[in-house]
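Novice: let's see this in three dimensions:
(chains A and B, ligands or ions: 2)
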Amino acid sequence: MIVLENVSKVFETKKGRVEAVKDVNLHVKKGEIHGVIGYSGAGKSTLIRCVNLLEKPTTGKVFINGEEITSLNSGKLAEKRKHIGMIFQGFNLLKTATVYDNIAIPLKLIGLNKTEVENRVKKYLDIVGLSEKVNSYPSQLSGGQKQRVAIARALSQEPEILLSDEATSALDPETTDSILDLLLKINIELGITILLITHEMNVIQKICDYVYVMENGDIVEQGSAIDLFTKPERETTKKFLNTIAQRKLSPSLINQLQGTGSVLRLTFVGESTGQPLLAAVSKQFDVSPNILTANIIELKNGIVGNIVIHLEGDQKHIRDSLQFLKEKGVGVEELEG
Amino acid sequence: MERYQQFTEQWLPIIGKAMIETFQMVGISLLFSVIIGIPLGILLVLTRPGQAMANKWIYQLLNLLINIIRSVPFIILLFFILPFTKLIVGTTIGVQGVIVPLVIYTAPYIARLMESSLLEVDSGVLEAYEAMGIPTRQIIWHVMLREARPSIILGLTIATVGLIGATAMAGLVGAGGLGDLAYRFGHLRYEVDVMYATVLILIILVQSIQSIGNRLSARLKKD
Ligand SMILES: Nc1ncnc2c1ncn2[C@@H]1O[C@H](COP(=O)(O)OP(=O)(O)OP(=O)(O)O)[C@@H](O)[C@H]1O
Ligand SMILES: [Mg+2]
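Specialist: Numbers count the residues shown, from 1 in each chain, chains lettered A, B, ... in the order given. Ligands and ions are numbered 1, 2, ... in the order given. Below you'll find the predicted structure:
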């Protein structure tokens, strides 16, 4: 659906060259929600703006539905853009227009007739749950409501793809959740493919199928959300994971505990919980597990559980226990102080 | 009371005529200044570096031209362009003769005010429309100008008040008007009553234009 091939973007500024995006490849499949996460300045906005060519890539190609759009003339590009909706952190609504006009004006400009415009405004305001605000002005709406209007505006063009540039970053946690629910709903009910960028791990957690971690213009790690949450490799990825579930223990505590056994992080995927396995381990191998921290993360496509345990016992028993847990499909990582 | 009646009988027709002349000068000059100044302002914004039709040469040339005209005091401009005025309207005196210098004086001013109004429009909104595949021409008209309306109206109000001031000097080429009346009778002939009356009318005029402008702008502005 969306394919980026070796896309790079270099800005020539007075202070020198800025390589905002470096040789990025990505592939968003139809009907999926993919997320790019990274710190400020990583090049996320530049990357997503390359998808609809608001930013022209310095090198590389962009394909939408198999068609290369990087070489289109401006008329054809405009046509293609009508199938790609976009929402922004700052909502970008007309201040001087009502909610109705904010959705209706672009529809009129793309040449829809009056009844069609009316129907679509009504339909999509309904979908975003804002029908009663049809005559309000943006200044009379909350941030979450403004983003709903922006989403309705994007949807009313009936796009196949929605790009979201930090759409929830200006919102409080509760409003963020409600907007994420809405994005999930339009993905499932309308089948719209979504590419979003964010610096908040909970956005990835709640709605993404696939994740790219971006750092200094590079995609340094990517994978399904479940893989990334269970087997993060890069330091940046781990730091982002720490923002939603504390995964760290202090080195001094680990050192102290290692005197009498091992400190392990066990990762479970799916419905299986750790409890019965730990009971089995302690019975079978003469070790005693002691739970230090535990949490459960609900992802779009599954549940990931994390338990950090202190496994007391002699070396051999501990080794056998680890083998047993791995055979049962549990991710095991030994923590060092 | 008698004095008042005598005053109105003697001066009302003269003041009335001067008012009409002022309205004519302001109205016609404003019309042409807007017709020239608004597209010029749009051009300034579009050719600015980094904008939709960025063009260093056009932008710098316009900039220079506007700055030059804006640095010449109106009274100098009035005489300086006499030959040009003659060429365009065939005369250099009367209301007709003063329209050309007034327009040349005001249009660049309006272009600058337009420029700053348009630059205030949130570029994110323009980008959102670009992302929807809407052509630049329509974005200018339906987004940029629309969003800038409250500020454009305030700018036009300022320009109109400035224009009224400039018409006072138009008396020098025999164009008449309220300012000229106040100057000729009040200052040269010491008919202070006429001067006070005229100045009062000018104050009321400027006040009303400003408050109409403010109100209109506030009505269009929705935040
Ligand atoms: N138009 C531009 N001209 C010059 N440099 C730019 C431009 N746009 C972005 N950059 C630079 O490119 C780099 C990446 O910026 P970008 O906005 O893509 O980051 P980001 O990941 O979206 O950050 P944030 O989370 O703060 O929005 C930054 O160093 C930025 O300064
Ligand atoms: Mg950004």
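
Novice: quick one, helices of the stretch 1-150 of chain A?
Specialist: Chain-ordered helices for the stretch 1-150 of chain A, with DSSP state H, counting those that start in this stretch as the definition, fall at A:44-51, A:74-81, A:99-109, A:114-127, A:143-156.

Novice: enumerate the residues of the stretch 51-200 of chain A near ligand 1.
Specialist: Counting by CB under 6 Å from any ligand atom, the stretch 51-200 of chain A comes close to ligand 1 at A:His199. (Glycine included, C-beta is placed from N, CA and C.)

Novice: nearest to A:Val269, out of the helices of the stretch 1-150 of chain A?
Specialist: For these, distance to A:Val269 was read as CB to CB. The smallest value, 27.5 Å, belongs to helix A:44-51.

Novice: pipe the helices of the stretch 1-150 of chain A into JSON lines and attach mean neighbour count per row.
Specialist: Listed next are the helices of the stretch 1-150 of chain A as JSON lines, based on neighbours: other CB atoms under 10 Å in any protein chain shown:
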{"stretch": "helix A:44-51", "mean neighbour count": "23"}
{"stretch": "helix A:74-81", "mean neighbour count": "15"}
{"stretch": "helix A:99-109", "mean neighbour count": "21"}
{"stretch": "helix A:114-127", "mean neighbour count": "16"}
{"stretch": "helix A:143-156", "mean neighbour count": "24"}
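
Novice: I figured B:Glu130 hits B:Ile140, correct?
Specialist: No: contact status for B:Glu130 versus B:Ile140: not in contact, 11.4 Å apart, counting by CB atoms under 8 Å.

Novice: low-confidence regions, the stretch 101-250 of chain A specifically.
Specialist: Confidence mapping of the stretch 101-250 of chain A against pLDDT under 70 gives the ranges A:247.

Novice: and the next element down the chain from the helix or strand containing A:Gln205?
Specialist: Under DSSP states H and E, the secondary-structure element containing A:Gln205 is helix A:201-207. Past helix A:201-207, heading to the C-terminal end, the next element that is a helix or strand (DSSP H and E) is strand A:210-215.

Novice: tell me the strands beside the helix or strand that that following strand is followed by, with direction?
Specialist: Sequence-wise, the next helix or strand downstream of strand A:210-215 (DSSP H and E) is strand A:218-224. As defined by DSSP bridges, the strand partners of strand A:218-224 come to strand A:210-215 (antiparallel).

Novice: could you pull up the residues touching residue 127?
Specialist: Just going to use chain A. A:Ile127 makes contact with A:152, A:155, A:185-186, according to CB atoms under 8 Å, 6 or more residues apart in numbering or on different chains.

Novice: I was after chain B.
Specialist: Shown here is B:Glu127, whose contacts under the criterion CB under 8 Å, 6+ apart are A:54, A:88, A:92.

Novice: can you rerun that using 7 Å?
Specialist: Residues near B:Glu127 by CB atoms under 7 Å, 6 or more residues apart in numbering or on different chains: A:54, A:92.

Novice: and what of B:Lys221?
Specialist: If you count contacts by CB under 7 Å, 6+ apart, then B:Lys221 has A:96, B:150 around it.

Novice: now do A:Tyr210
Specialist: With contacts defined as CB under 7 Å, 6+ apart, A:Tyr210 is in contact with A:32, A:34, A:224-225.

Novice: Serialize these to TSV and add fields for neighbour count.
Specialist: Compiled in TSV, these are given as follows (neighbours: other CB under 10 Å):
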residue	neighbour count
A:Glu32	18
A:His34	23
A:Ser224	17
A:Ala225	24
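
Novice: tell me the one among these nearest to chain B.
Specialist: Nearest to chain B among these: A:His34, at 18.4 Å, using CB to the nearest CB.

Novice: quick one: the residue of chain B found nearest ligand 1 from B:Lys56, how far?
Specialist: Checking chain B residue by residue against ligand 1 with CB to the nearest ligand atom singles out B:Gly50 as nearest, at 8.3 Å. Counting by CB to CB, to the nearest Å, the gap between B:Gly50 and B:Lys56 amounts to 11 Å.
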